[in-house]
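K.L.:
Structure for the following, please:
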Amino acid sequence: MTMFRHDIIIVGAGLAGLRAALAASGNDVAVISRVHPLRSHSVAAQGGINAALGKTDRWEDHAFDTIKGSDYLADQDAVAFLCQDAPGCIIEMERWGTLFSRTDDGMIAQRPFGGAGFPRTAYAEDRTGHALLHTLYEQALRNDIKFYEEWLVTRLVVNNGKCSGVVGYNIADGQIEGFHAKSVIFATGGYGRIYKRSTNSIINTGFGCAVAYRSGAALEDMEFVQFHPTTLYDTNILITEGARGEGGILKNKNGERFMERYSPHLLDLAPRDIVARAIQTEINEGRGFEGGYVQLDLTHLGAKKINERLPGIRQIAMDFADVDPIEEPIPVQPGQHYSMGGIASNKNCETTIPGFFVCGECSCISVHGANRLGGNSLLETIVFGKLAGENALKHANSSNFDKPDALERSMREETRRVSSLLNKKDGEMFFKIRDELKTIMDENVGIFRNEEKLTAALENIRYLQLRYKNVYVRNKGAVFNQELVNTIELDGMLDIAEAICISALVRKESRGSHYRLDFRERDDKNWLKHTLVICTPEGPKINHKPVNIKMFEPKPREY
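P.N.:
Model (predicted):
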C-alpha cells in the first residue's frame, strides 16, 4: 500500500473542485477525480450562469428571486454572499477565457430564466458548463495542479475528531492507497443516478455524500430533489431551461399552452418545481401524448435564432429523438435533475468535522433551499468552490499533519472490505439491486409524494440494504474493474436513498420540490427549518436546525 501526502486534497474535478484547486494553488494541492476532469458532470450544464450584470439589475434583486424561489428555505446570509460575489466571478471567468455569448454591442448576453425578475443568466450558446469547465481545467494545468484521475475515494479519515485524509481505490490497477492531508474538500457532485429517469451522468451516484455521512458529517435537506421539467422523452437528456428562456412554449396533446392554468403570470418560465408538477399533472390527467410526454415548441423562433442560441439542443433532438426543432416540437417529460440537499455546511463551506470542507452539488450550504433556480447551480460551484479553496488553504497553513496511524488503519480496513467482495464465490448481482432501487425512487419518491408511498419506499430500500450484504462481484480482475466500482458505489446509493425517504416522511408539508399530496400546504409555523440526517450505530437519526432569515420574511407563494 502506498501513501501520498499533500497539504490540501480535493475530491472531485468538476467546476467546484477545479475552482477550489485554483483558490488553494500555491500550496501543495492535489485533485482526485472519479473520471478525467473534462468528463465531470459539470460539462453537461447547458443554459447559463446567473449574475446581476445589467445596469438596472441589483444583487439584492437576484437574492430576492433566489430566496423566493427556494420557498424561503434558503439561508439568506449565504444567498447574499452568492449574489454579491456573482458579477466578479463572471468577469473573472471571462478574463480567464470563457467565451460567453455577446449582444450586438459586445456586452455579455443574458437570457431570462424561470423564477427570475430580470434576464440575468449569462450563457455560452447552450453549452455553458462545457465552456466554463474547459476554462478552469486550462487554468489548473497552467498552475500545475496535481491530478489523480480515475480514483474512487471510499473513506474520509477522521482522527480525534478532525479530518486527516482520505482512502482511495485506484481504478486503473485495483490498489487501495492513502492520501494524507491537512485539509480535505469534497466536490463530488449530486446523486441523481439513484433515480431511473435522470439527466445526470452515470457517475452521479452520491457516493461522496455517503462517504462523508458514514464518517460523521450530517446530511441536510435530503428530501428536496429537483425534477427538471424538460428532459428529452425516453432518454431523459436535459433540454435546457434556456429553450423556454428564448421563447419556447409548452403544449399538451390538445395544442393548449397549459402553463396558463398553473402560472398565468410567468407561464413557461415559472420556477422548475411548478413547471414540473404542471407537466406531470397534464400527463396524469390524460392531456399528455401517448407514452407520457408533452411538447416543447420552438418552431416559431426560426432557424436563425435556434442555430445561434440553441445549437446543442437542436443537435440533441435530431440525434436522439429524430426531431428537428426548427420544423417540429420536441417531446419532453420531467426527470430528476438536481440535489438541493447534501453534506451540511455553513456559508464558509465548513462542516462539523474540522479540516473537512464541501462545495458544489454534494454540499448543502444552503443557497437553494427547497427549490433551485436555473442558472444558480453553476454560480454556486464557482463562488463557493473559490471560498472552499481559500478556507481550506487557511486551515492547512495553520495546521500540522497528524500522525498517519488512523490513515494506515483505514487503508487496511478498506483493503479487507474490497477483498471480501472479490473473494465471494456467489451471491446476488449488484445491478439487480440497483435497478430495483431506481424503480422504487421513481415510483414512490418522485414529483408527487404521500406517506403510503414514502413508507413503502423506505421499507423496500431497507430490504435492499439487507440483500446488499449478499452481493458479489463476478469480475475478479484488478485492472479497470468497473463492476467492483459499481458494487462499492451501490452501498452508498442505498444510504442516500434511505436518507431522502426518512427526510421526506418527516417533513409533513409541501415546500418547493417536496410536494406531499397528504400535506399540500406550506407550513412555516412548524416546518420553516432544515432537516438533518446523522449516521449512528443504531441507524439514521433526524435533527433540525433553523433557517437564517436575514433579508426577506417569508411570504405566500405567488406565481
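
K.L.:
Isn't E361 up against F186?
P.N.:
No: E361 is beyond contact range of F186, at 10.6 Å (criterion: Cβ atoms under 8 Å). The way it works is simple: take the backbone N, C-alpha and C, and place the C-beta from them, glycine included.

K.L.:
Next, the contact list for K508, please.
P.N.:
If you count contacts by Cβ atoms under 8 Å, 6 or more residues apart in numbering, K508 has them with R516, D518, F519, D523, N526, W527.

K.L.:
give me that answer again for 6 Å
P.N.:
Counting by Cβ atoms under 6 Å, 6 or more residues apart in numbering, K508 makes contact with F519.

K.L.:
Now do it against R449, distance only.
P.N.:
As for K508, its distance to R449 is 11 Å (criterion: Cβ to Cβ, to the nearest Å).

K.L.:
in the stretch 451-559 of the chain, which spans are helices?
P.N.:
Ranges of helices in the stretch 451-559 of the chain, per DSSP state H, counting those that start in this stretch, are 451-468, 482-506, 524-527.

K.L.:
let me redo that: the stretch 151-300 of the chain
P.N.:
Along the stretch 151-300 of the chain, the stretches classed as helices by DSSP H, counting those that start in this stretch are 207-214, 242-245, 259-262, 272-284.

K.L.:
I'd like the ones you listed laid out as TSV, including distance to A122 and mean pLDDT.
P.N.:
Listed next are those as TSV, based on distance: least, Cβ to Cβ, whole Å; pLDDT from 0 to 100:
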stretch	distance to A122	mean pLDDT
helix 207-214	28	98
helix 242-245	11	92
helix 259-262	25	95
helix 272-284	19	95
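
K.L.:
Let me have those helices in JSON lines, extended by distance to A23 and mean neighbour count.
P.N.:
Shown next, in JSON lines, are those (distance: least, Cβ to Cβ, whole Å; neighbours: other Cβ atoms under 10 Å):
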{"stretch": "helix 207-214", "distance to A23": "19", "mean neighbour count": "26"}
{"stretch": "helix 242-245", "distance to A23": "28", "mean neighbour count": "26"}
{"stretch": "helix 259-262", "distance to A23": "41", "mean neighbour count": "16"}
{"stretch": "helix 272-284", "distance to A23": "30", "mean neighbour count": "23"}
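
K.L.:
closest one to L422 among these?
P.N.:
L422 lies closest to helix 207-214 among these, at 18.7 Å (Cβ to Cβ).

K.L.:
Against which helices or strands is the closest one packed?
P.N.:
Helix 207-214 sits against strand 342-344, helix 482-506, with contacts defined as 3 or more Cβ pairs under 6 Å, 6 or more residues apart in numbering; DSSP states H and E.

K.L.:
Could you tell me the angle between it and helix 482-506?
P.N.:
Here helix 207-214 points in a direction 60 degrees away from that of helix 482-506 (axes from the mean of the first three to the mean of the last three Cα atoms, to 10 degrees).

K.L.:
C-alpha coordinates for helix 207-214, CSV please?
P.N.:
The C-alpha coordinates for helix 207-214 follow below in CSV (Å, rounded to 0.1, in the frame of the first residue of the first chain):
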residue,chain,number,x,y,z
PHE,A,207,-21.1,8.3,-3.2
GLY,A,208,-19.2,11.3,-1.9
CYS,A,209,-22.2,12.3,0.2
ALA,A,210,-22.4,8.7,1.5
VAL,A,211,-18.7,8.6,2.4
ALA,A,212,-19.0,11.8,4.4
TYR,A,213,-22.2,10.7,6.0
ARG,A,214,-20.6,7.5,7.3
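
K.L.:
Can you classify I9 by secondary structure?
P.N.:
strand (DSSP: H, G, I helix; E, B strand; the rest coil).

K.L.:
Tell me the bridge partners for it.
P.N.:
A30, V184 (DSSP bridges).

K.L.:
can you tell me how far it sits from D221?
P.N.:
Separation of I9 from D221 (Cβ to Cβ) stands at 26 Å.

K.L.:
Also E553?
P.N.:
For E553, the distance to D221 equals 20 Å [Cβ to Cβ].

K.L.:
Who has more neighbours out of the two?
P.N.:
D221 (27 against 7; other Cβ atoms under 10 Å).

K.L.:
so T205 touches I194, yeah?
P.N.:
No: the criterion here is Cβ atoms under 6 Å, and T205 misses it with I194 at 7.1 Å.

K.L.:
Please enumerate the shared neighbours of those two.
P.N.:
Counting by Cβ under 6 Å, 6+ apart, the shared contacts of T205 and I194 are M493.

K.L.:
More neighbours: those two, which one.
P.N.:
Taking neighbours as other Cβ under 10 Å, T205 and I194 compare with I194 leading, 30 against 27.

K.L.:
Tell me which of the helices of the stretch 451-559 of the chain lies nearest to G47.
P.N.:
Shortest separation from G47 across these is recorded for helix 482-506, at 25.5 Å, computed as Cβ to Cβ.

K.L.:
Report the buried residues of that closest one.
P.N.:
In terms of neighbour count (16 or more other Cβ atoms under 10 Å), helix 482-506 has its buried residues at 483-505.

K.L.:
for this structure, what are the low-confidence residue spans?
P.N.:
For the chain, the stretches with pLDDT under 70 are 1, 559.

K.L.:
what do you get if the cut-off is 80, keeping everything else the same?
P.N.:
Filtered on pLDDT under 80, the chain yields the residue ranges 1, 557-559.

K.L.:
I'd like the distance between N391 and A20.
P.N.:
Distance from N391 to A20, by Cβ to Cβ: 9 Å.

K.L.:
Using TSV, lay out the helices of the stretch 151-300 of the chain together with distance to E380.
P.N.:
Formatted as TSV, the helices of the stretch 151-300 of the chain follow (distance: least, Cβ to Cβ, whole Å):
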stretch	distance to E380
helix 207-214	16
helix 242-245	18
helix 259-262	27
helix 272-284	15
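
K.L.:
among those helices, which is nearest T230?
P.N.:
So among these, helix 242-245 is nearest, using Cβ to Cβ, at 7.0 Å.

K.L.:
Only alpha carbons, please: show that closest one as CSV.
P.N.:
Provided in CSV are the C-alpha atoms of helix 242-245 (Å, rounded to 0.1, in the frame of the first residue of the first chain):
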residue,chain,number,x,y,z
GLY,A,242,-32.8,28.3,-21.9
ALA,A,243,-35.0,26.9,-24.6
ARG,A,244,-38.0,28.4,-22.8
GLY,A,245,-36.0,31.5,-21.9
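
K.L.:
how distant is stretch 269-284 from the center of its chain?
P.N.:
The chain centre lies 20 Å from the centre of stretch 269-284; the measure is Cα atoms, centre = their mean, to the nearest Å.

K.L.:
what's in contact with that stretch?
P.N.:
Contacts for stretch 269-284 (Cβ under 6 Å, 6+ apart): 69, 112, 114-115, 227, 229, 244, 252, 258, 262-263, 288, 292, 294, 334, 371, 447, 512-513, 559.

K.L.:
Likewise for stretch 178-187?
P.N.:
3-12, 16-17, 20, 163, 165-167, 208, 212, 355-360, 362, 388, 392, 395-396, 399, 404, 407, 411.
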